[in-house]
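S.K.: This is a predicted model, with the sequence first.
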Amino acid sequence: MDLRTEILAEHSRAQSLRIAAWIGRSPDRFAGLMTLFLQDDYRVVQRAAWVVSFVAEHDPALLTPHLPAMVARMEQAGIPVAVKRNVLRVLQHLRVPEPLHGPVMNSCFSFLEDPQETVAVKAFSMTVLAQLATAYPDIKNEIRLLIEEQLESNPTPGIRSRARKVLKEIQ
């Protein structure tokens with residue numbers, strides 16, 4: 001299968017699930033997907049992101065060797081929202097390796113502080129920060145302050161729902 005061609009052929013849940021099934025538990029096939037997700041043009045990145053999240057749901061261990069590159073890509077300025085959103089979506093279901101705690105924490109705090117950031121990125125950032133707060137309890141107050149600020153400035157249903165869950169979790 002030519003992965004890039006298949007990703008561009010159709011943008012649907014069904015197509016993304018077909019590609020994810022083809023990747024299965026193959027590290028080589030997943031590495032090819034990650035290359036597209038991290039380095040291709042916007043449309044390919046956007047569509048590959050959906051496949052990455054489906055594969056991660058079924059076999060999160062495939063992501064482990066790619067986490068440093070995913071986090072590094074997430075830190076770059078001007079990256080597609082699909083990259084940030086899907087890296088964070090995956091990270092909220094994984095245990096972040098200790099060497100990546102600092103970069104992930106910095107990115108999540110930056111995303112929460114950015115008034116232009118999307119609701120999904122902010123919501124996933126809250127969850128990832130709450131998980132990191134178990135290892136770093138000192139950040140709980142900063143998380144709480146940022147969440148309260150979000151509730152004042154961006155009281156969308158998605159933010160309110162995630163904020164309640166995260167505030168409860170970090171108390």
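M.R.: That came through, no problem.

S.K.: Just list the residues touching the most centrally placed residue in the chain, thanks.
M.R.: Centroid-nearest residue in the chain, with Cα atoms, centre = their mean: residue 88, separated by 1.8 Å. By Cβ atoms under 8 Å, 6 or more residues apart in numbering, the residues touching residue 88 are 74, 108, 111, 121, 124-125, 128. All C-beta atoms are positioned from the backbone trio N, CA, C, and that covers glycine.

S.K.: what do you get if the cut-off is 6 Å, keeping everything else the same?
M.R.: Counting by Cβ atoms under 6 Å, 6 or more residues apart in numbering, residue 88 touches 124, 128.

S.K.: and what of residue 4?
M.R.: residue 36.

S.K.: Look up which helix or strand it falls in, please.
M.R.: Secondary structure from DSSP states H and E places residue 4 in helix 3-9.

S.K.: Show me the shaky parts of this structure.
M.R.: Applying pLDDT under 70 to the chain flags no residue at all.

S.K.: domains for it, by residue range?
M.R.: 1-94, 98-171 (automatic domain parsing).

S.K.: Assign residue 77 to one of the three secondary structure states.
M.R.: Following DSSP: H, G, I helix; E, B strand; the rest coil, the label given to residue 77 is coil.

S.K.: which residues of this protein fall in helices?
M.R.: 3-9, 13-23, 27-39, 42-58, 67-75, 81-91, 101-113, 119-132, 140-153, 157-170 (DSSP state H).

S.K.: List the buried residues in the last one.
M.R.: Which is helix 157-170. 159, 162-163, 166-167, 170 (16 or more other Cβ atoms under 10 Å).
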